[in-house]
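Asks: predicted model, plus sequence, below.
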Amino acid sequence: MVMRNSANERPARRAAIGRVTLHDEVAARLRSMIVEGELSPGARIPESQLCEAFGVSRTPLREALKVLASEGLVELLHSRGAIVKRMCVQEVADIFELMAGVEYMTGQLVCQRATAEEVEELQDLHARLLDFHRRGRRSDYFRTNQKIHRRIAEVSGNRVLAEMQADFSGKIRRARYMANLQQARWDESVQEHEAFMEALAQRDGDLMGQRLRDHMRHTGDVVIRALREEGGA
C-alpha cells in the first residue's frame with residue numbers, strides 16, 4: 001500500500017498550505033503520513049499525487065523530502081524520486097538502548113532544574129495526554145507524548161542532551177508510534193507516564209530517571225519484537 005486512496009481514485013484534496021513556512025509544513029504532513037503508516041515502508045513517494053493533494057509545486061515537496069531524508073524517514077533515489085525508508089531492526093535497537101541511558105540522565109536533571117512553572121506546564125501536557133488516551137485519539141496522544149518527552153529534555157537545562165534527544169527521537173519516531181498500535185502497550189505506556197510524572201512532582205531525580213529509562217526500554221522491547229515478527233532486517 002502506498003496511500004489509502006486506490007490507484008484509480010484521485011487523492012482527497014487537503015487544505016492548501018500557506019507560503020510562509022511552506023516546505024516545513026509539507027515536511028510535517030509527510031512525516032505524519034509516514035509515522036502513522038499512510039505511506040508504507042518501501043513505498044515510492046507519489047510526488048504528483050501529493051503535490052495535488054497539498055496544493056503545492058514540486059519544489060517545496062522535494063525540499064521537504066530532503067528534511068525527512070536527514071531524519072531517516074525517506075531514502076532519496078538518484079534521479080528516481082524517493083521511497084519510504086525501511087527500518088533496520090539493529091539500528092532501532094541500538095537507538096533505544098542509547099535513549100534509555102539519555103532518559104535516565106534527563107530525569108535526574110529535570111528534577112533538579114525545572115521551575116515550578118515548567119513542572120506545571122508538563123503536568124498540563126500530561127493531563128491532555130490522559131484525555132486523548134481516554135478518548136482513543138491515538139494520533140493526538142502520540143503528538144502530545146512526543147512533546148512531553150521533548151519538553152522534559154529541554155527543561156533539563158542541558159542543551160546538548162536536548163539536541164541529542166531530539167535527533168534520536170526523530171530516528172525512532174515511526175517505531176515508537178508502532179508500539180502504541182497495540183492497545184495493551186498503549187495502556188501500559190500511560191501508566192508509565194503517570195509513574196514518572198509522580199516522581200517529577202516529588203522532585204525525586206533518581207526515581208524519575210529510573211522510570212523514564214524503564215519506559216524507554218519497555219517501548220523498545222515491544223517495537224523490536226514487532227519488527228522481528230514482520231521479518232525486519
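Replies: Ah, there it is.

Asks: enumerate every residue touching Val190.
Replies: By C-beta atoms under 8 Å, 6 or more residues apart in numbering, the residues touching Val190 are Leu129, Leu130, His133. For the C-beta atoms, the positions are set from N, CA and C on the backbone; glycine is no exception.

Asks: among the residues you listed, who's most crowded?
Replies: Ranked by neighbour count (other C-beta atoms under 10 Å), those have Leu129 at the top, with 23 neighbours.

Asks: ok, the residue nearest to it when sequence neighbours are not counted - how many residues close by?
Replies: Take Leu129 and drop its neighbours on the chain: the residue closest to it by C-beta to C-beta, 6 or more residues apart in numbering is Thr144, 4.8 Å away. Neighbours of Thr144 under the rule other C-beta under 10 Å: 20.

Asks: for the lowest-mean-pLDDT helix or strand in the chain, what is the distance to the chain centroid?
Replies: The least trusted helix or strand in the chain, going by mean pLDDT, DSSP states H and E, turns out to be helix 173-179, with a mean of 83. Centroid displacement of helix 173-179 relative to its chain, using C-alpha atoms, centre = their mean, to the nearest Å, is 7 Å.

Asks: one more: stretch 136-155?
Replies: Worked out by C-alpha atoms, centre = their mean, stretch 136-155 lies 8 Å from the chain centre.

Asks: now do the contacts for the residue nearest the centre of the chain.
Replies: Nearest to the mean C-alpha position of the chain, counting by C-alpha atoms, centre = their mean, stands Arg173 at 3.1 Å. Arg173 makes contact with Arg31, Val35, Glu71, Leu73, Gln146, according to C-beta under 8 Å, 6+ apart.

Asks: do Leu76 as well
Replies: Taking C-beta under 8 Å, 6+ apart, one finds Leu65, Lys66, Ala69, Ala82 in contact with Leu76.

Asks: which two among those are spaced furthest apart?
Replies: The most widely separated members of the contacts of Leu76, counting by C-beta to C-beta, are Lys66 and Ala82 (9.2 Å).
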